[in-house]
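Participant: Sequence and predicted model, in that order:
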Amino acid sequence: VLLAFAICQPAQPQSSKRLSDVTLMHEMRATPSPLNNAVVSDKNVSFMWPLSNHKSYYMENSPAWKKPKENDTNYRIRFSKDPSFNDKLFSASSSWPFYNPDNELSPGTWYWQFGYVRGDTTEWSDILQFNVMENPEKFIPPSYKSLMEKLPREHPRVLVFESEWTDFIQKSREKEEREWYIQKANEIINTERVNLDEAVNTSFMEELENEVKKKAMITRESRRIVDREEQNIDVLTRAYLLTKKRAYLDDAMKRIEEMVSWKNSPHLVGDFNQATLLSVTSLAYDSFYQMLTEKQKKMLLHEIKENGSDIFSDFANRLENHIADNHNWQMNFRIFTMAAFAVYGEIPEAGLWTEYAYNLWLARFPGLNKDGAWHNGDSYFHTNIRTLVEVPYFYTKVTGYDFFRDPWYKGSAMYVIFQQPPFSKSGGNGSSHQNVTTPRGTRVAYADALARLTNNSFLSDYVEVISESEPDIMKQSFGSKPGDLSWFRIHCNTPLPKGDKLAGLPLSYVFPQTGLASFMSDWKDLNRNAMFTFRSSPYGSTSHALANQNAFNTFYGGKALFYSTGHHSSFIDAHSFFSHRSTRAHNTILINGMGQKIGTEGYGWIPRYYEGTKISYVTGDASNAYGEVISPIWKERAEKSGLSLSPENGWDKNHLLTYRRHIVKLGDAGLVFIYDELEADTLVHWNYLLHTIENPMTIVQKEHAIQIRATNEKGTSDAYLFSNDELEVEMTNKFFTPALNWLKANNEGYFEPYKNHWHFEATTPMRKIYRFATII
């Protein structure tokens with residue numbers, strides 16, 4: 001049952017911390033790391049600093065945006081325990097705006113500067129200081145030099161080491177995944193190769209009204225063909241490594257030669273394709289090396305050098321400082337990394353590539369922060385899974401150092417479980433969250449891998465509970481470009497650990513840096529579990545994140561009740577922007593019908609939280625989230641798509657002063673109390689929003705309240721909304737902008753219509769101050 005009380009009362013003295021920052025995150029790094037007076041305790045220090053012209057990046061394709069060359073000496077760094085830099089000074093030059101010391105920095109206070117090289121002079125920053133704390137559990141990975149001393153020189157060395165190849169084949173016979181590869185490979189060699197220009201369907205583009213949509217359509221069509229053929233080549237390559245059968249190698253090479261011929265096709269569109277060419281050619285070179293002719297080696301090395309150089313040029317002095325460059329972060333960086341190590345010693349460029357790739361992993365990866373959650377949400381988390389496992393697993397195998405000791409992975413384990421328990425819909429954050437109805441095979445496979453690699457028995461139970469009902473769940477991800485971990489499971493012989501079960505987990509978990517919280521009522525009987533999720537995030541609504549600061553979602557038995565709405569029809573079209581990304585799609589508050597800014601500027605944060613057995617608490621602050629869209633990147637994207645970021649569509653000058661949402665969860669009682677503090681600088685209407693996706697809400701006007709009921713196939717939630725005033729109430733099953741599926745056709749060319757959702761809005765009279773108290 002949900003009870004909501006709206007109360008008018010005088011403003012109370014503010015003892016809470018108020019932020020004045022325009023943004024807490026930047027699309028491109030604007031501050032150094034470590035920050036001045038920072039404390040470093042969990043990992044060795046990685047130094048990072050802004051590009052000298054980082055502000056120019058904020059306009060995409062800006063003529064002012066010019067990168068330093070990737071192989072020049074562009075920066076200098078120096079650090080010491082002596083603030084005058086006279087005693088025991090460490091100094092280095094760098095081509096890129098980051099640097100990892102070769103050795104662990106000793107505990108104590110350190111001073112450092114970074115500098116921009118300007119010809120014969122260096123423009124130094126102010127002197128910064130940080131404190132290194134003693135910690136015996138600190139994550140101290142080996143230096144690049146140590147890594148390269150241990151890198152095998154023989155081929156293959158990426159998908160399997162030559163020294164273990166024979167033993168690997170023998171042991172693989174015990175794994176069911178081996179048969180998946182061989183069976184699929186046998187199907188592929190009996191399948192005709194594809195001509196890209198003939199296979200791409202361009203007829204879908206004819207009725208699209210702007211170039212952004214046309215590009216999205218041709219990119220999707222291109223990827224449909226390219227990704228399928230990439231999968232074919234990848235399977236053949238791995239089947240060869242499992243069997244040494246020449247037929248798989250020969251067919252793979254013919255398909256690679258065909259794919260290389262597509263380079264000049266107008267239908268090869270999208271920023272994944274160059275990485276795809278790099279992937280298939282580099283893995284073939286490394287895996288087939290012993291059987292290739294000199295002509296084949298020359299062809300493959302030519303493609304690797306050409307594509308790898310282009311990708312490296314794009315990465316260096318940009319990727320390392322970008323908040324999270326989606327496609328490159330998801331897959332392209334992993335592909336580049338493996339390609340670099342595959343041809344190290346074969347082409348001179350690979351020396352710089354491997355140095356960059358390894359040191360960037362140490363400085364920026366695996367996650368964006370320490371808490372282990374994924375800022376882009378529940379769906380797009382899955383596009384990073386192979387990267388999160390395969391890259392550190394490769395480094396672990398080469399060096400013997402356990403890269404999964406990185407403390408980020410402990411938090412990631414909790415994110416996997418708490419944002420999507422077994423058999424449950426996802427927590428409801430990020431683009432395409434509607435599609436994540438139960439844990440996917442990729443998520444379960446990731447849980448399986450982390451359980452083995454980090455000795456986490458909670459993840460073991462997560463995997464076993466799901467697999468008991470869905471024995472083939474992990475096979476669902478076989479062939480998935482971003483998420484298939486079948487090859488890892490063939491390699492890894494570590495058993496799932498035994499120990500604590502899901503029932504031993506706490507009932508609440510907060511990810512403060514990402515800005516997420518999850519509350520449960522029952523880990524023992526998931527069919528009776530009442531789940532409540534909440535978001536108030538410093539990342540705002542950039543990338544695939546949504547403008548849902550201080551929004552919550554409720555679930556029972558794994559099914560949604562009050563839940564965020566809209567469809568991710570594309571990254572930016574009218575419906576996706578106005579009825580999915582926009583604040584109006586979520587269970588939060590509008591002011592005069594106006595929502596939160598799009599971009600990092602529309603941020604929230606979690607000032608306080610407490611996780612207990614009898615009571616848990618979290619506060620979200622969205623006081624800075626509302627107003628006109630000011631992000632240059634998002635304004636440009638909207639303009640290109642013909643979208644108006646106007647008051648008519650939900651953005652206007654800001655009048656909000658305070659929006660704090662306090663949430664209290666009482667143990668396992670299934671009761672959640674919410675208290676909203678709302679204050680504006682003038683009289684405004686406050687719009688209280690609730691939404692459902694499975695069934696319409698029912699609304700009953702009672703003597704002192706409005707009852708709103710949400711239902712799913714397993715349960716009901718009643719919301720009682722009280723007010724000192726008469727509220728204007730409206731419910732509709734129409735989106736602000738209709739949901740039209742113009743992009744995502746199945747293999748038969750059918751565009752399945754999107755479903756409508758239901759939207760409740762209660763609007764107050766004009767008030768400067770309002771309070772809502774909610775009991776769920």
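Facilitator: On my side now, so go ahead.
Participant: which residues does residue 737 contact?
Facilitator: Contact analysis of residue 737 by Cβ atoms under 8 Å, 6 or more residues apart in numbering lists 574, 575, 577, 578, 579. No exception for glycine: its C-beta is placed from N, CA and C like everyone else's.
Participant: pretty sure the last one contacts residue 732?
Facilitator: Read that as residue 579. No - applying Cβ atoms under 8 Å as the test, residue 579 and residue 732 come out as separate, 11.6 Å apart.
Participant: Between those two, tell me which one has more neighbours.
Facilitator: residue 579 (23 against 13; other Cβ atoms under 10 Å).
Participant: Past the lowest-mean-pLDDT helix or strand in the chain, which element shows up next along the chain?
Facilitator: Every helix and strand in the chain was compared by mean pLDDT, DSSP states H and E; the lowest is strand 2-7, with a mean of 47. Downstream of strand 2-7, the first helix or strand assigned by DSSP states H and E is strand 38-40.
Participant: which secondary structure elements does that following strand contact?
Facilitator: Packing partners of strand 38-40 (3 or more Cβ pairs under 8 Å, 6 or more residues apart in numbering; DSSP states H and E): strand 128-132.
Participant: Just checking: what are the partner strands of the strand it packs on?
Facilitator: Strand pairing for strand 128-132, using DSSP bridges, gives strand 38-40 (parallel), strand 108-118 (antiparallel).
Participant: now the nearest residue to residue 72 once chain neighbours are set aside: how far from residue 588?
Facilitator: Residue nearest to residue 72 in three dimensions, not counting chain neighbours: residue 95, with 6.0 Å by Cβ to Cβ, 6 or more residues apart in numbering. Distance, residue 95 to residue 588, by Cβ to Cβ, to the nearest Å: 45 Å.
Participant: who's more crowded, those two?
Facilitator: Neighbour totals were compared for residue 95 and residue 588, and residue 588 leads with 29 against 18 (other Cβ under 10 Å).
Participant: ok, back up a step: what's the closest of the strands paired with strand 128-132 to residue 534?
Facilitator: The closest of the strands paired with strand 128-132 to residue 534 is strand 38-40. By Cβ to Cβ, the value is 28.0 Å.
Participant: what pLDDT, on average, does whichever helix or strand comes after the closest one get?
Facilitator: Sequence order places strand 47-48 as the next helix or strand after strand 38-40, per DSSP H and E. On average, the pLDDT along strand 47-48 is 99.
Participant: repeat for stretch 410-423
Facilitator: For stretch 410-423, mean pLDDT rounds to 98.
Participant: Off-centre distance for that stretch?
Facilitator: Here stretch 410-423 shows a centroid-to-chain-centroid distance of 14 Å under the convention Cα atoms, centre = their mean, to the nearest Å.
Participant: now could you export just the CA positions of it as CSV?
Facilitator: Coordinates of the C-alpha atoms in stretch 410-423 are reproduced here as CSV (Å, rounded to 0.1, in the frame of the first residue of the first chain):
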residue,chain,number,x,y,z
LYS,A,410,33.1,-6.2,-5.3
GLY,A,411,30.6,-3.4,-5.9
SER,A,412,29.9,-4.7,-9.4
ALA,A,413,28.8,-8.0,-7.9
MET,A,414,26.2,-6.2,-5.7
TYR,A,415,25.1,-4.1,-8.7
VAL,A,416,24.3,-7.3,-10.7
ILE,A,417,22.2,-8.7,-7.9
PHE,A,418,20.5,-5.7,-6.4
GLN,A,419,19.6,-4.0,-9.6
GLN,A,420,18.1,-7.2,-11.0
PRO,A,421,17.4,-10.1,-8.7
PRO,A,422,16.7,-13.6,-10.1
PHE,A,423,13.5,-13.6,-12.3
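Participant: Now do residue 170 against residue 237, distance only.
Facilitator: 19 Å.
Participant: Pick out whichever of those two has more residues nearby.
Facilitator: Per other Cβ under 10 Å, whichever of residue 170 and residue 237 has more neighbours is residue 237, with 26 against 9.
Participant: right, and the more buried one touches residue 287 too?
Facilitator: Yes - under the criterion of Cβ under 8 Å, residue 237 makes contact with residue 287 at 5.1 Å.
Participant: All good on my end, thank you.
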